[in-house]
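Novice: coords please:
(chains A and B)
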Amino acid sequence: MNRTVLIIGLAIAAVVIGVLFVSLGKDPAEIKSPLVGRVAPDFALREVGTGRTIDLAQFRGKPVVINFWATWCGPCWEEHPVLVATARQTQPQVQFVGVVFQDTEDKIQKFLDARGQAYPTLVDDRGKTAIAYGIGGVPETFFLDAKGTIVAKFNGPMTPDIIRANLQKVMQQ
Amino acid sequence: MKMRIVAVIIAAMATLALFAQNAALKVPDAQQFVGAPQGQPLSGDALHRRTGEVASLLRCPVCQGLSVADSPSEMAVNMKEQVNELLARGYTEEQILKYFELSYGQFVLLKPKFEGMNVLVWVLPLAALGLGIGIVFMKLRSLENGPAEAPISDAAAIEGDAPVDPYLARVRDLVSGEKS
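Specialist: Residues are numbered from 1 along each chain as shown, chains lettered A, B, ... in the order given. Okay, here's the model as predicted:
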């Protein structure tokens, strides 16, 4: 009886430890989005500042980086100069696009005026684009290949190395 | 007078330009994810009631364990609006849940599906309950059989087949009133 209980207990402990080992070994910033491998949801949104409409489809033929962000998000402040610098280095071969998440146009404009910009930032009224992209917090960034397929997604602020690594994945497609 | 006409024309052109610009705007549509609506468009009280029901099946992605129906966050309000719009267009509950699942993954469903690793969520509690009942049952049986086992070990000890635990021997002596 005691031996049976011991074996059952050890089996349960082994399962729990196994699950924890597998789960804790994953990087939460690289949780796979169900959108990875699918064609990116289409959108045409208004650009902050100019008011012109930017259609995602117009960038087909080259890799696109879509960054969801907001001015109230601390990590987005940290990430902004990295994105701007990388965009300046890689454009026009790579197109960067910012999509505003739950923020106001005037705050975004002030932020961009003060901290610079190198690519269009778009307004997402009622958050429909964010919902279609499964955004739960910002910053979140999608890397699209030239055909418009989502190759990678990154949650959290990115470093130049992270952007480079993900762009390499896109280029390999 | 001429100036007023020019001003009106300019205003009309600006309005048209704005309208044209907004008309070109588009947001991702559920049709791209789950195809055309497969149900009947809802309106009025039925739409309001079903919106609450379907929203209560979705997890608010920016909250701690709250459904879209229960959360006052902007994210949940936007998601609820989208549920409302999709029901009004004739999308079924299954299509709407699938749409959100394709964006957020199964995390967004408050009721996990009975498939893959999720089966464990349903099966493990029942298995744990069964295991617990089994252990209690076995323990009770061993307690019932316990007194019968003692004489055997005593007999074995007397016959010299097994050594007598000195501590057990002392306890037995004390219980029987014999002090050593």
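Novice: for residue B:26, phi and psi?
Specialist: For residue B:26, the backbone dihedrals (degrees, to the nearest 10) come out as phi -150, psi 150.
Novice: before we move on, what about residue A:6?
Specialist: Its backbone dihedrals place residue A:6 at phi -60, psi -40, with angles given as degrees, to the nearest 10.
Novice: next one: residue A:152
Specialist: Comment: the main-chain dihedrals of residue A:152 come out as phi -150, psi 160, following degrees, to the nearest 10.
Novice: Okay, and the beta partners of it?
Specialist: Here residue A:152 shows beta-bridge partners residue A:143, assigned using DSSP bridges.
Novice: how about it, what does it touch?
Specialist: A:36, A:142-143, A:166, A:169-170 (C-beta atoms under 8 Å, 6 or more residues apart in numbering or on different chains). Quick note: C-beta positions are derived from backbone N, CA and C, even for glycine.
Novice: Just the buried subset of these, written out for ChimeraX, thanks.
Specialist: Here is the ChimeraX command that picks out the buried ones among these, judged by 16 or more other C-beta atoms under 10 Å in any protein chain shown:
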select /A:142,143,166,170
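Novice: Can you tell me which of the contacts of residue A:152 is closest to chain B?
Specialist: Taking C-beta to the nearest C-beta as the measure, residue A:36 is the one of the contacts of residue A:152 closest to chain B, at 10.5 Å.
Novice: right, and that closest one touches residue A:150 too?
Specialist: Yes: assessed by C-beta atoms under 8 Å, residue A:36 is found in contact with residue A:150 at 5.3 Å.
Novice: which residues in the chain form helices?
Specialist: No chain specified, so I'll use chain A. Taking DSSP state H as the criterion, chain A contains helices spanning A:2-24, A:74-90, A:105-115, A:128-132, A:160-171.
Novice: that's the wrong chain, I meant chain B
Specialist: Across chain B, reading from the start of the chain, the helices by DSSP H fall at B:2-24, B:30-34, B:44-55, B:74-88, B:93-104, B:119-158, B:166-175.
Novice: Specify the angle between the fourth one and helix B:93-104 in degrees.
Specialist: Read it as helix B:74-88. Taking axes from the mean of the first three to the mean of the last three C-alpha atoms, to 10 degrees, one finds that helix B:74-88 is oriented at 140 degrees with respect to helix B:93-104.
Novice: For helix B:74-88, output the C-alpha coordinates as PDB.
Specialist: As requested, the backbone C-alpha atoms of helix B:74-88 are provided in PDB (Å, rounded to 0.1, in the frame of the first residue of the first chain):
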ATOM      1  CA  GLU B  74     -11.300  50.200 -22.900                       C
ATOM      2  CA  MET B  75     -10.000  47.000 -24.500                       C
ATOM      3  CA  ALA B  76     -13.000  45.000 -23.200                       C
ATOM      4  CA  VAL B  77     -15.400  47.700 -24.300                       C
ATOM      5  CA  ASN B  78     -13.900  47.600 -27.800                       C
ATOM      6  CA  MET B  79     -14.100  43.900 -27.900                       C
ATOM      7  CA  LYS B  80     -17.700  43.900 -26.700                       C
ATOM      8  CA  GLU B  81     -18.600  46.500 -29.400                       C
ATOM      9  CA  GLN B  82     -17.100  44.200 -32.000                       C
ATOM     10  CA  VAL B  83     -19.100  41.200 -30.700                       C
ATOM     11  CA  ASN B  84     -22.200  43.400 -31.000                       C
ATOM     12  CA  GLU B  85     -21.400  44.400 -34.500                       C
ATOM     13  CA  LEU B  86     -20.600  40.800 -35.600                       C
ATOM     14  CA  LEU B  87     -23.900  39.500 -34.200                       C
ATOM     15  CA  ALA B  88     -25.800  42.400 -35.900                       C
END
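Novice: residues in chain A within reach of chain B, list them.
Specialist: A:1, A:4-5, A:8, A:33-35, A:38, A:41-46, A:51-53, A:55, A:102, A:124-137 (C-beta under 8 Å from any C-beta of the partner chain).
Novice: Dump the helices of chain A into CSV; add mean pLDDT as well.
Specialist: As requested, those are arranged in CSV below (pLDDT from 0 to 100):
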stretch, mean pLDDT
helix A:2-24, 81
helix A:74-90, 96
helix A:105-115, 96
helix A:128-132, 96
helix A:160-171, 94
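Novice: and of those helices, who's closest to residue B:117?
Specialist: helix A:2-24 (9.4 Å; C-beta to C-beta).
Novice: tell me which strands and helices the closest one is in contact with?
Specialist: Applying 3 or more C-beta pairs under 8 Å, 6 or more residues apart in numbering or on different chains; DSSP states H and E, one finds that helix A:2-24 contacts helix B:119-158.
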